[in-house]
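**Q** Provided below for reference: sequence and predicted model.
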Amino acid sequence: FHLLRADGELFAKLWQSESQSRGPDLKEHLVYTVRCPTGAEWRFRRALPPLTFDVTDSAGKVLAMSRPEADPGSPDSPRQHSVGVKSHVSRVRVASLMDVSVVICGLLTISNLM
């Protein structure tokens, strides 16, 4: 996938790059890579439960994470204004100096692939 700026210029490329065994269950987890034309690269590792992602740089340092929140229909979840659309709520945490747009664009693109 090509992620484009508002003017149509290439912002980054995103692709499913690999599967990795991770954790005590040794199940394979999907890994997506986002690379900017400058060469900066981030990996989005999808784990269980669904909608759980860790975003790391090429050295493996965690720069962002996404974790599912309570079921949108439950009394514990924030109020939602969706009509006839099944939705989910995730908490996204981003490290200082990390480009939030890379994280949000990556998560939205990957979640639409699932």
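**A** The structure has been received and is ready for your questions.

**Q** and the helix or strand residue 106 falls within, C-alpha only, in CSV?
**A** In the assignment (DSSP states H and E), residue 106 maps to helix 100-113. Extracted in CSV, the C-alpha atoms of helix 100-113 (Å, rounded to 0.1, in the frame of the first residue of the first chain):
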residue,chain,number,x,y,z
VAL,A,100,1.6,10.0,15.5
SER,A,101,0.4,10.1,11.8
VAL,A,102,2.6,7.1,11.0
VAL,A,103,0.9,5.2,13.8
ILE,A,104,-2.7,6.2,13.0
CYS,A,105,-2.3,5.6,9.3
GLY,A,106,-0.7,2.2,9.9
LEU,A,107,-3.3,1.1,12.4
LEU,A,108,-6.2,2.2,10.2
THR,A,109,-4.8,0.5,7.1
ILE,A,110,-3.9,-2.7,8.8
SER,A,111,-7.3,-2.9,10.7
ASN,A,112,-9.1,-2.6,7.4
LEU,A,113,-7.1,-5.6,6.0
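
**Q** what residues of that helix count as buried?
**A** 102, 103, 105, 106, 107, 109, 110 (16 or more other CB atoms under 10 Å). Backbone N, C-alpha and C define where each C-beta goes, glycine included.

**Q** neighbours of the closest residue to the third one other than its chain neighbours, how many?
**A** With CB to CB, 6 or more residues apart in numbering as the measure, residue 3 is the residue that lies nearest to residue 105, at 5.2 Å, once sequence neighbours are left out. Counted with other CB atoms under 10 Å, the burial measure for residue 3 works out to 17 neighbours.

**Q** for the helix or strand hosting residue 11, buried residues please.
**A** Per DSSP H and E: residue 11 is located in strand 10-21. Buried positions in strand 10-21, judged by neighbour count with 16+ other CB under 10 Å: 11, 12, 14.

**Q** wait, what's in contact with the first one?
**A** The reference is to residue 11. Residues near residue 11 by CB atoms under 8 Å, 6 or more residues apart in numbering: 3, 4, 5, 36, 105.
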